[in-house]
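[1] Quick one: sequence plus predicted model below, questions after.
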Amino acid sequence: MGGVIPNQHINDMISAGQIIGTPEVDPAQVQPASLDLRLGTVAYRVRASFLTGHGAKVADRLTEFEMHRVDLTSGAVLEKGCVYVVPLMESLALPDDISAVANAKSSTGRLDLLTRTITDGGTEFDRIAHGYTGPLYAEICPRSFSVLVRPGMRLNQIRFSSGNAALDDAALRALHTETPLVDGDAVIDDGLGFSVDLRLPGTTLVGYRAKPHTGVIDLDNIGHYAPADFWEEVHSDNGQIILDPGAFYILVSREAVTIPPEFAAEMAPYLAMVGEFRVHYAGFFDPGFGHATAGGAGSRGVLEVRCHEAPFVLEHGQIVGRLIYEKMSEIPTQLYGAGIASNYQGQGLKLSKHFHAPA
């Protein structure tokens, strides 16, 4: 049966040598519908981001673009505005009927830490072809904050699937009728649309904007940093804000989203001509996100928003992205938020786990 491969079968793939870890994969890396990937021991500072291309190997392209190497063994800073390629501790030997998609983890995206997966012969970021055999690499570009990283840190994740798992709009409407996917009317058009909330109840605080000149964030420090040292509060009393070119914002969706246990979802950029911005760098939603069986009652989607060339007025209720729902090949034995360390179940407007609650 086709679909997204759940945690129990990811474990089977590890046992079968289809996923190889050096050192061995830690069971804590296995999520309900994905596998966390670990940074290796060296980062290559490169002149520019690149895709490998048909018939080429990342290692060969590194000789072309490498500027210098950074030893991560004792921890090292990846500088804001620079591009690095880090070999990962995982490699693949996929069967011919299995492909994969990678994505940044939630906390990675909330730090504006652009992290994408590249492979030998790859012609797209974050897309791994059926039957791929070879190493995996993370391309990392800190956009807002310099970060301290160490080997074994998990900045991105990979989701495996067979066949075409995505639901079309007709199937999505039927699912919403059976199990409401959002609290309110569902906008279904090439996926489930979601909008931005700029009228949060009882407050004018609607988001955060990254400060331009800050200290380093050690990614191992959880609940450690004062938000005010890294973020400016964004307030609105009229349901609109103006996005500044080049600025990075944390906002929140108006809709509370539910992912039933039989499904997973991926947040895709809203590609229609909606304005000068990109939403959400970290796009995987696990089975059980916001679902009652996993301790949720709908969870907001946190929006990572970067404005591009021109100032842009963002208004309350404006559609800014869409969720693509995919069927699971089997219900996972572990759901998001149910007995595992899921940082964002039941979330609203929330910074990454590295920051303590605002005073």
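    That came in fine, so what should we check first?

[2] give the contact list for G122.
    If you count contacts by Cβ atoms under 8 Å, 6 or more residues apart in numbering, G122 has them with 51-53, 128-129. Placement of C-beta: from N, CA and C, glycine included.

[3] ok, now with 6 Å
    Residues counted as contacts of G122 (Cβ atoms under 6 Å, 6 or more residues apart in numbering) are 51-52.

[4] any idea how far A100 is from it?
    11 Å (Cβ to Cβ, to the nearest Å).

[5] And for V187?
    From V187 to A100 the distance is 29 Å (Cβ to Cβ).

[6] These two: who's more crowded?
    Between V187 and A100, counted using other Cβ atoms under 10 Å, the more crowded position is A100 (23 against 14).

[7] Going along the chain, name the helices of this structure.
    7-15, 58-65, 106-110, 169-178, 227-230 (DSSP state H).

[8] packing partners for the last one?
    The criterion is 3 or more Cβ pairs under 6 Å, 6 or more residues apart in numbering; DSSP states H and E, and there are no helices or strands that helix 227-230 contacts.

[9] Between the helices of the chain, which one is closest to L39.
    Closest approach to L39 among the helices of the chain (Cβ to Cβ): helix 106-110, 11.2 Å.

[10] For the closest one, the averaged confidence score.
    For helix 106-110, mean pLDDT is 88.

[11] i'd like the first residue to be 652 from this point on
    That works, and once the first residue is 652, the last one we named lands at helix 757-761.

[12] what's the distance between that helix and the middle of its chain?
    Offset of helix 757-761 from its chain centre (Cα atoms, centre = their mean, to the nearest Å): 6 Å.

[13] what's it packed up against?
    Helix 757-761 packs on no helix or strand, going by 3+ Cβ pairs under 6 Å, 6+ apart.

[14] and if we set it to 10 Å?
    Using 3 or more Cβ pairs under 10 Å, 6 or more residues apart in numbering; DSSP states H and E, the elements in contact with helix 757-761 are strand 764-770, strand 807-813, strand 899-908, strand 950-958.

[15] Restrict it to CA atoms and write it as PDB.
    Only the C-alpha atoms of helix 757-761 are listed here, as PDB (Å, rounded to 0.1, in the frame of the first residue of the first chain):
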ATOM      1  CA  SER A 757      10.500  23.400  13.300                       C
ATOM      2  CA  SER A 758      13.000  24.900  15.600                       C
ATOM      3  CA  THR A 759      15.500  25.300  12.700                       C
ATOM      4  CA  GLY A 760      12.900  27.200  10.700                       C
ATOM      5  CA  ARG A 761      12.000  29.500  13.600                       C
END
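
[16] And for that helix, what's in contact with it?
    754-755, 764-766, 789, 791, 798, 804-808, 859, 870, 873, 899, 901, 918, 931-936, 953-955, 993-995, 998, 1001-1006 (Cβ atoms under 10 Å, 6 or more residues apart in numbering).

[17] do stretch 886-894 as well
    In contact with stretch 886-894 (Cβ under 10 Å, 6+ apart) are residues 847-851, 854-858, 860, 885, 900, 902, 926-928, 956-959, 961-969.

[18] Give the ChimeraX command for selecting the buried subset of the residues you listed.
    Of those, the buried ones go into a single ChimeraX selection, burial set by 16 or more other Cβ atoms under 10 Å:
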select :847,848,849,850,851,857,858,860,885,900,902,926,928,956,957,958,963,965,967,969
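
[19] So which of the contacts of stretch 886-894 belong to strands?
    Secondary structure from DSSP state E places 856-858, 860, 885, 900, 902, 928, 956-958, 963-966 of these in strands.

[20] Show the pLDDT at the closest residue to T759 other than its chain neighbours.
    The shortest distance from T759 to any non-neighbouring residue, by Cβ to Cβ, 6 or more residues apart in numbering, is to L806 (4.7 Å). The per-residue pLDDT reported for L806 equals 96.

[21] burial measure for L806, as a count.
    L806 has 25 neighbours, counted by other Cβ under 10 Å.

[22] and if you look at I901?
    The number of residues near I901, taken as other Cβ under 10 Å, comes to 24.

[23] got a list of what it touches?
    Counting by Cβ under 10 Å, 6+ apart, I901 touches 760-763, 857-861, 878, 882, 885, 953-956, 1000-1003.
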